[in-house]
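[1] When you get a sec, could you give me coordinates for this:
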Amino acid sequence: MFAWLRELLEIRYENNLRKLRLKEELQDRNKFCSSCEVLKIELENSHRERRELMGRILNPIKEPERDVAPEPQKLPTVRRHIPWTVKQQALEQEDRAKAVAMRNAAKPDVTSVEDLEKELDLASQTRESQSGTTGNNG
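    Below you'll find the model as predicted:
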């Protein structure tokens with residue numbers, strides 16, 4: 001009476017065994033030796049480098065233009081030796097300028113007597129107005 005159940009279980013068991021054998025065979029096929037793995041890695045690196053190089057060739061990166069420093073200007077060369085006659089003339093001109101300045105400094109400013117009297121009157125009026133305002137407060 002349970003013969004049919006036994007047959008069903010045997011069929012399922014055999015099916016599961018076949019599946020396991022197929023999986024093991026696939027795993028064995030997918031296993032690679034270490035040299036094969038190294039070769040795969042090298043091939044991937046080669047492909048990646050080739051893609052990068054092709055990208056650089058097809059789309060070159062433009063470098064920004066660099067600012068060029070201006071050429072330094074050449075200063076006129078200064079003579080180190082000045083002839084005595086030129087130096088003597090320059091010293092004489094400086095002495096004349098100093099003498100004129102000293103003569104003008106000795107002279108008093110020319111102002112009229114009337115201008116001086118006006119300045120005195122203004123000064124005395126401002127003093128009186130300042131002393132008048134401070135004197136009332138005290």
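[2] tell me the pLDDT at Asp109?
    Asp109 carries a pLDDT value of 66.
[3] how does this protein divide up, domain by domain?
    According to automatic domain parsing, the chain comprises the domains 3-58, 84-128.
[4] What's the local residue count around His47?
    Look at His47: counted by other Cβ atoms under 10 Å, it has 10 neighbours. C-betas here are computed from N, CA, C, even on glycine.
[5] what about Ala101, distance to Glu94?
    Ala101 is 11 Å from Glu94, where distance means Cβ to Cβ, to the nearest Å.
[6] ok, back up a step: any chance of the domains of the chain in a markdown table, with distance to Pro70 too?
    Shown next, in a markdown table, are those (distance: least, Cβ to Cβ, whole Å):
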| stretch | distance to Pro70 |
| --- | --- |
| domain 3-58 | 34 |
| domain 84-128 | 35 |
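[7] And these: which comes nearest Lys74?
    domain 84-128 (24.1 Å; Cβ to Cβ).
[8] Now do that closest one: distance to the chain's middle.
    56 Å (Cα atoms, centre = their mean, to the nearest Å).
[9] Quick one: end-to-end length of it, please.
    65 Å (Cα to Cα, to the nearest Å).
[10] how much space between Leu124 and Ser112?
    Just to correct that, residue 124 is Ser rather than Leu. 19 Å.
[11] now the helix or strand containing Leu9: how far from the chain's centre is it?
    Leu9 belongs to helix 3-30 when assigned by DSSP states H and E. Remark: helix 3-30 is offset 73 Å from the chain centroid, using Cα atoms, centre = their mean.
[12] Report the mean per-residue pLDDT for that helix.
    89.
[13] Buried residues of the helix or strand that it is followed by, list them for me.
    Once helix 3-30 ends, the next helix or strand along the chain (criterion: DSSP H and E) is helix 34-58. Counting neighbours by 16 or more other Cβ atoms under 10 Å, one finds that helix 34-58 has no buried residues.
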